[in-house]
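>>> what follows is a predicted protein model with its sequence.
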Amino acid sequence: MVNAASALAVFGLISTTSATSPGYNCKAGQSCWPSNKEWESFNSSLSGNLHRTIPYAASCYYSSQYYDPSACDVVKSNYSTNQARTDVYGAATGLNWEACRSQTCALNALNPAEDISVNCHLGRLSSLYVDASKPSHIVTAVKFARKHDLRVTIKNTGHDYFGRSTSPDTLAIWTHNMNNMKYHEDFTASNCSASNGQHIAEIGAGAQATDVYNYFTKFNMDVTGGNEGSVGLAGGFGLGGGHGVFGPKYGLMVDNAVEFE
């Protein structure tokens, strides 16, 4: 069985010629914050992929405009399920990374069998996020953030024990739907004149482990991922090293990567 793994993880890079930190700390209500017209124009440039964040359990709060008993029942039945939480922007796999002190929109501190009458807060979640489905969405978002001094957070599944995928007062980029996968019998990396190898797996920034394993098994391949099926492999896992059961023989996932875009 051939072992090969590559990753296609797309991130925008910001550079500055000044020795002074650019800051990127503009908050709502400040003069630097984009106007409604600028947000609307930004959304149009993203083909409508800019969205307001809806916390995962907002449908269970009487006070929320999103209150919906039927939707709340679905949330309650899936509240502790990793996969369900990774499929929406308004959640993290660690509940503590959704809350900001006492501000939260959680069910865990109350009786999950009952709907909730207190206020639902965004907590650590960004108020706006870009549902990136292609690299140009990320490029556009990073340029907009740079222009308006906005901080950026990037989230795929929310599997981050340090909470780096959620932070308030940021423009969030959600890569979860960049989940393309492709098998290359012969692969040549960008700016290379010769082939870099055979039997290479191309993995999108949002592709999750279970889907990746199932897809590349058809090509008689194993991928050097981890054990948790809902984790995204090409982003935080792969770029952070990527320890898994194949590690003792083949090394970390990053050791097997041919190219990151």
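Everything's here; your move. Only a predicted model underlies this, so the values are computations on that prediction, with no experimental measurement involved.

>>> make it CA atoms for all contacts and neighbour counts henceforth
Will do.

>>> can you tell me the closest non-neighbouring residue to Val245?
In space, not counting the residues next to it along the chain, Val245 is nearest to Gly226; the distance is 6.7 Å by Cα to Cα, 6 or more residues apart in numbering.

>>> oh sorry, the question was meant for Val75
Going by Cα to Cα, 6+ apart, Val75 has Ala57 as its nearest residue, at 6.4 Å.

>>> tell me, how many residues neighbour the one you found?
The tally of other residues near Ala57 (other Cα atoms under 10 Å) stands at 26.

>>> do Gly94 as well
Neighbour tally, Gly94, other Cα under 10 Å: 17.

>>> relative to His137, how far out is it?
Distance, Gly94 to His137, by Cα to Cα, to the nearest Å: 27 Å.

>>> same check on Ser64?
Counting by Cα to Cα - Ser64 and His137 are separated by 30 Å.

>>> same deal with Asp149?
For Asp149, the distance to His137 - Cα to Cα - is 18 Å.

>>> then Gly23?
Distance from Gly23 to His137, by Cα to Cα: 23 Å.

>>> out of the two, which sits in the more crowded spot?
His137 (20 against 10).

>>> spit out the contact partners of Val212.
Val212 makes contact with 181, 203, 223, according to Cα atoms under 8 Å, 6 or more residues apart in numbering.

>>> to clarify, my last question referred to Leu239.
Per Cα under 8 Å, 6+ apart, neighbours of Leu239: Val254.

>>> what do you get for Ile116?
Contacts of Ile116 by Cα under 8 Å, 6+ apart are 60-62.

>>> neighbour-wise, which of these leads?
Cys60 (29 neighbours).

>>> show me the shaky parts of the stretch 1-150 of the chain.
Counting by pLDDT under 70, the ranges of the stretch 1-150 of the chain that qualify are 1-22, 108-115, 117.

>>> quick one on the thing from earlier: is the residue nearest to Val75 in contact with Cys105, as I believe?
Yes. Using Cα atoms under 8 Å, Ala57 is in contact with Cys105, at 6.1 Å.
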